[in-house]
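Asker: Dropping the sequence and predicted coords here.
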Amino acid sequence: MIQEVSNGKKDPNPPKFWYAIYVRSKTEKKVQLEFDFLGIESYLPLVTRLKQWSDRKKKIEEPLFRSYIFVHIQESQFFTVRNVPGVMKYISFEGKPAVIPDEQIKAIHYYLNEQDDHEEMDADKLIEGQLVRIKHGQMAGLIGRMIHYKNRYRLLIQIEAIGQIISLNIPRSKVEAIRQE
């Protein structure tokens, strides 16, 4: 749909929004390459994990959200994106593709680029299963459940996002317990 400006002329640069796309399993990188080829701005958040095989260990990059890619497009590009091989559907609410706020995309970038900081932590030790709130950074305000400590300075929490539960490995200094009364 082409937007019209107040003088009745068509807007030559309609706004772009972020959308989440669901793709076939294990095709995320191929679909992103196709988006690049077509000139469609996309974001596939990747994390590096150490994988163990019977004969070796290897660091590999995997999607943070399996089977999801984010695209930054104009409404006129909906069908171009949908027709890329491997794309299954848009993540939608009430029958319309759901717009992902820029702040959430920035929060994912921030999380993936975040460095450990060993600043002074709260004296309270968190308990597995306890509700926690992220108190600093781009993800401030998100609430999740503490799963376990990775080491003295980092812990694993689960947060529900885009209809999935994601696990975050986050510095302890950025998390506070939610007091239940």
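Answerer: Yep, that arrived. Residues are numbered from 1 along each chain as shown.

Asker: okay, CA-based contacts and neighbour counts for the rest of this
Answerer: Fine.

Asker: so how many other residues sit close to Ile21?
Answerer: Ile21 has 22 neighbours, counted by other Cα atoms under 10 Å.

Asker: which one is the residue positioned nearest the centre of the chain nearest to, not counting chain neighbours?
Answerer: Nearest to the mean C-alpha position of the chain, counting by Cα atoms, centre = their mean, stands Ile108 at 4.8 Å. Distances taken as Cα to Cα, 6 or more residues apart in numbering place Pro45 nearest to Ile108, at 7.5 Å, with adjacent residues excluded.

Asker: Thought Arg66 was touching that neighbour, still the case?
Answerer: No. When contacts are counted by Cα atoms under 8 Å, Pro45 is not listed as touching Arg66 (9.7 Å).

Asker: thinking again about what came up before, need the pLDDT of the residue nearest to Ile108.
Answerer: Per-residue confidence (pLDDT) for Pro45: 90.

Asker: Would you quantify the distance from it to Ile105?
Answerer: The gap separating Pro45 from Ile105 is 9 Å, by Cα to Cα, to the nearest Å.

Asker: again with Arg133
Answerer: Arg133 sits 19 Å away from Ile105, going by Cα to Cα.

Asker: Kindly report the same for Thr80.
Answerer: Note on Thr80: its distance to Ile105, by Cα to Cα, is 22 Å.

Asker: More neighbours: which of these two?
Answerer: Ile105 (16 against 11).

Asker: Counting neighbours, what do you get for Ile170?
Answerer: For Ile170, using other Cα under 10 Å, the count is 21.

Asker: is it fair to say it lies in a strand?
Answerer: Yes. Using DSSP: H, G, I helix; E, B strand; the rest coil, the assignment for Ile170 is a strand.

Asker: got a pLDDT number for it?
Answerer: 74.

Asker: cool, and the one 5 residues further on?
Answerer: At Val175, the model reports a pLDDT of 81.

Asker: For it, which non-adjacent residue is closest in space?
Answerer: Excluding the flanking residues, the one nearest Val175 by Cα to Cα, 6+ apart is Ile134, at 4.6 Å.

Asker: shaky segments in this structure?
Answerer: Residue ranges of the chain with pLDDT under 70: 1-11, 114-124, 137-138, 150-156, 160-167, 180-181.
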